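>>> sharing a model that was predicted from the sequence below.
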Amino acid sequence: MIALKDIKVVFGKGTPLQKQALNGVSLTIEQGSFVTVIGSNGAGKSTLLGVLAGDVLASEGQILIGSTDVTKVATAGRAGLVARVFQDPLTGSCGALSIEENLALAARRGEKRGLSAALGTKRREHFRERIAELNLGLENRMRDRMDLLSGGQRQAVSLVMATLAGSEVLLLDEHTAALDPGMAEFIMKLTQKIVSERKLTTLMVTHSMRQALDFGHRTVMLHGGEIVLDVAGDNRKNLQVEDLIDMFRKMRGETLDDDALLIG
Amino acid sequence: MSVIAFWGAVELGLVYAFVALGVYLAFRVLDFPDLTVDGSFPLGAAVTAVLIIAGVNAWLAAAIAMVAGAAAGMVTALLNVRFRILNLLASILTMIALFSVNLRVMGKPNVALINADTMLSPFFGLGLRDFYVRPLFVGILVVIALIIVWRFLESDAGLAMRATGANARMARAQGVSTSRQIYLGMAISNALVALGGALFAQTNGFADVTSGVGTIVVGLAAVIIGETLLGARAILLALIGCVLGSILYRIAIQLALSSDVLGLQASDLNFVTAFLVTIALILPRLRRGGAA
């Protein structure tokens, strides 16, 4: 379960560049629910994800992940609750380490790391099995450096990494945006499979309206740091991509009108 | 080159192998260009020499020297992590400060250890010539240090440190406190370098405040020579490369200085060092085909 209560985030407070990135966002996501988030550039999607991951600390409001109040806990401190796949395949894994070393690192996410060998026979075998499930042939390349893999392969491994250790929430940050269409489709299918098999509470930020409506149980649209649309169930089923695009246009139109008023 | 000169070079190479291992941890594992070593090497020598003269057991003295080195490393880490000073600059500040600290520790620029009981004393006069005993003794310590560093880097904790240097953002997302890793890594790195200094003082019979000049270059040379020879892929190979690189570097210097044809003298050492390191830096590029 995730609960955001009236979250406000201000960047560059007190400077001429001050920007209200989130302006009182409240959002509750039930256990096992899969929520997609859309919004134009600067709408606050990345900030919302940052607030959940701990990269950005909220200026006001409260964040609960599971039953833990993490409002003031930075990224490393809440990693045990948050699994994450980044947009850039290079960010989510360590290019200089081997595939199995990356997995070993992720298997201890949020736990204390001791002095025992990171890669024993048993763990190696376990990792191999998990990677073999991807059907990408990577199980024979476990000792290859991560940076020898393609972007899509790295994202697939990142998804496995996200599920090796338990977590309260899975955050997906436009994790197919950097991939070619075929690979993006593969990764989305894999995501769907992992999320439903493991009943993960998931929040996926996406640029694709299609993805936003096709996947998950609920869609949230952000604009100007606020939630402007929150649909689930039948309302969502009847929603078409065209409707979303219309809403985007309207929103942009409104801001133009506002500006016109100000200038007028 | 005489036999004694050869084994002398090997011995010095083994002493500096600790520096190479420390530099490897800082530069390669943590991606932290750390010049603190120019101060923590003579710090290790100074602390050991002063304590041994004061009658402290030589092993204990070396252990305390390592603690002192670790503290120096943590000061650099503090400046970088807590006060956000650029890593290279933070280490230069600590290095400069350590010069004064080392003078305070010794009370004078140079302390002699002639006839004092060192870690090596019990092993002299057991039938083996002294110039064999020294490299053998230091070599055994190097092997022990190498195995410990190797096991550490392949443990869960070591993996966290390697991730910190390679991809800090990813490391944090995996729950690794990257600041803590920098403190820890800098402490271990400089403790190793200080141990090198401690052994330098005991094998050479003195501690000198200027003996730290260029330590970083020598350590880096060893790391790069090792990578050129054995590659940087596997951790164990990279660490063995550090040790081999350090020894080969000393032999190369010894050869250059003892060759009559070249006409070099001891005062040319720094130039020869810079020249050899430059070669070691250029060679891998040339081999890859594209000289940049």
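Looks like it came in fine.

>>> what's the neighbour count on residue A:140?
Neighbourhood size, residue A:140 [other C-beta atoms under 10 Å in any protein chain shown]: 10. C-betas here are computed from N, CA, C, even on glycine.

>>> check residue A:30 too.
Residue A:30: 12 neighbours (other C-beta under 10 Å).

>>> what sits against it?
For residue A:30, the contacting residues are A:1, A:201, by C-beta atoms under 8 Å, 6 or more residues apart in numbering or on different chains.

>>> distance of it from chain B?
Per C-beta to the nearest C-beta, to the nearest Å, residue A:30 is found 24 Å from chain B.

>>> who does the helix or strand harbouring residue B:69 touch, helix- and strand-wise?
For residue B:69, the element it lies in under DSSP states H and E is helix B:58-81. Applying 3 or more C-beta pairs under 8 Å, 6 or more residues apart in numbering or on different chains; DSSP states H and E, we find helix B:58-81 packed against helix B:37-53, helix B:87-106, helix B:178-204.

>>> so for the first one, mean pLDDT?
When pLDDT is averaged over helix B:37-53, the result is 97.

>>> for the last one, same thing?
Taken as a whole, helix B:178-204 has an average pLDDT of 97.

>>> packing partners for that helix?
Against helix B:178-204 (3+ C-beta pairs under 8 Å, 6+ apart) you get helix B:3-23, helix B:37-53, helix B:58-81, helix B:130-153, helix B:156-166, helix B:168-173, strand B:206-208.

>>> repeat that for the second one.
In this structure, helix B:87-106 packs against helix B:37-53, helix B:58-81, with contacts taken as 3+ C-beta pairs under 8 Å, 6+ apart.

>>> for the stretch 1-150 of chain B, give me the ranges with low pLDDT.
Within the stretch 1-150 of chain B, no range satisfies pLDDT under 70.

>>> neighbours of the closest residue to residue A:228 other than its chain neighbours, how many?
With C-beta to C-beta, 6 or more residues apart in numbering or on different chains as the criterion, residue A:228 has its nearest non-adjacent residue at 5.4 Å, and that residue is residue A:221. Residue A:221 sits with 23 neighbouring residues when counted by other C-beta under 10 Å.

>>> hang on, isn't residue A:141 packed against residue A:100?
No. Using C-beta atoms under 8 Å, residue A:141 is not in contact with residue A:100; the gap is 9.6 Å.

>>> looking at these two, which one has more neighbours?
Shown here are residue A:141 and residue A:100; by other C-beta under 10 Å, residue A:100 has more neighbours (20 against 16).

>>> separation between the more buried one and residue B:173?
19 Å (C-beta to C-beta, to the nearest Å).

>>> likewise for residue B:194?
Taking C-beta to C-beta, one finds residue B:194 at 34 Å from residue B:173.

>>> check residue B:229 too.
From residue B:229 to residue B:173 the distance is 36 Å (C-beta to C-beta).

>>> contacts only, for the residue nearest to residue A:228.
A:37, A:38, A:39, A:43, A:227, A:228, A:229, A:230, A:244, A:247.

>>> now the buried members of the residues you listed.
Among the contacts of residue A:221, those buried by neighbour count (16 or more other C-beta atoms under 10 Å in any protein chain shown) are A:37, A:38, A:39, A:43, A:227, A:228, A:229, A:244, A:247.

>>> neighbours of the residue lying closest to the second one once chain neighbours are set aside, how many?
Here the nearest residue to residue A:38 in space, its sequence neighbours aside, is residue A:212; by C-beta to C-beta, 6+ apart that works out to 4.6 Å. Other residues within reach of residue A:212, judged by other C-beta under 10 Å, total 24.
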